[in-house]
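J.: Prediction below, plus the sequence it came from.
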Amino acid sequence: MVEIYDAHVHLGPSGPWVPYVKPAVETSTVIEAMDEAEISKSIVFPNPVPGDRYPELNDIIAQAVKDHPDRLIGFGRVDPRRGDEAVEEIYRCVEKGLVGIKLHPFVETYRPDHEEFSSTFDAIYEEDLILLTHTGGGFSSPGYMKKVLKDREEMKVILGHLNEGCISVVDEYENVYADTSGCRVYMLEYACEKIPDGIVFGSDYPYLNYEVQKTVVRAADISEDLKDMIFSSNLKGLLKV
């Protein structure tokens, strides 16, 4: 059986989105879903919520990892617009044993390259945490991360939702990866030609379906060795497992 490490899993309460998506999910449900999908280990982080509730949700993540240390890897979440409060929460996440931070420029409506938010990135970098950031259009364009990385070249980053814009960033920086959540087969095949060592599997559970996301990798016209790298060894290398 191929070992699978998942870089992109939401856990805990969630704010309201659209009527047909209910992403709030308990720890036991995540573990059950991982078992069914034969996922060995997952990076978990809070769902987005309105107001300053991330400390509360980060505590849920820390407890989930404490309860399932062999299955879950905990990332905290902060809103960079909260300035010093976000920085203090990053330090508290470290004390709680979390090893990364999830950011979402679209949900939290900030541009990563704006100097106003540099203190958040400085704290993540100084604490040697892994940054997982949503990428896509608008404020979430992967290109904005190049300015963040300019003075933090050794920063460890996972760019969520592999897309064409991610490829040049991953190619330029050694410790930057992109996860496959929401990726199309043709884009994965193209990325494997450019950045084979920089791609990690991501499901975006519970927003996306585990089996569909696994099938994207399995359906790609790439070698079995590359599929193994994507499913586990690339992420294990980043995590130093």
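T.: Nice, I can see it.

J.: what's the helix ranked longest in the chain in contact with?
T.: Longest helix of the chain, by residue count under DSSP state H: helix 54-67. Here helix 54-67 makes contact (C-beta atoms under 8 Å, 6 or more residues apart in numbering) with 11-13, 27, 30, 44-47, 49, 72-79, 89, 92-93, 96-98. The way it works is simple: take the backbone N, C-alpha and C, and place the C-beta from them, glycine included.

J.: swap in stretch 73-84?
T.: Contact partners of stretch 73-84, identified using C-beta under 8 Å, 6+ apart, comprise 41-46, 48, 52, 54, 57-58, 61-62, 64-65, 86, 89-90, 93, 96-104, 108-110, 116-117, 119-120, 130, 132, 239.

J.: Equivalent analysis for stretch 208-220, please.
T.: 4, 33, 36-37, 39, 180-185, 188-189, 192, 201-204, 227, 230-231.

J.: Selecting buried members of the contacts of stretch 73-84 in ChimeraX, what would you type?
T.: Typed into ChimeraX, the line below selects the buried ones among these, using 16 or more other C-beta atoms under 10 Å:
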select :41,42,43,44,45,46,48,54,57,58,61,62,64,65,86,89,90,93,96,98,99,100,101,102,103,104,108,110,117,120,130,132,239
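
J.: where are the low-confidence patches of the protein?
T.: 1 (pLDDT under 70).

J.: I figured residue 189 hits residue 227, correct?
T.: No: applying C-beta atoms under 8 Å, one finds residue 189 not in contact with residue 227, separated by 11.5 Å.
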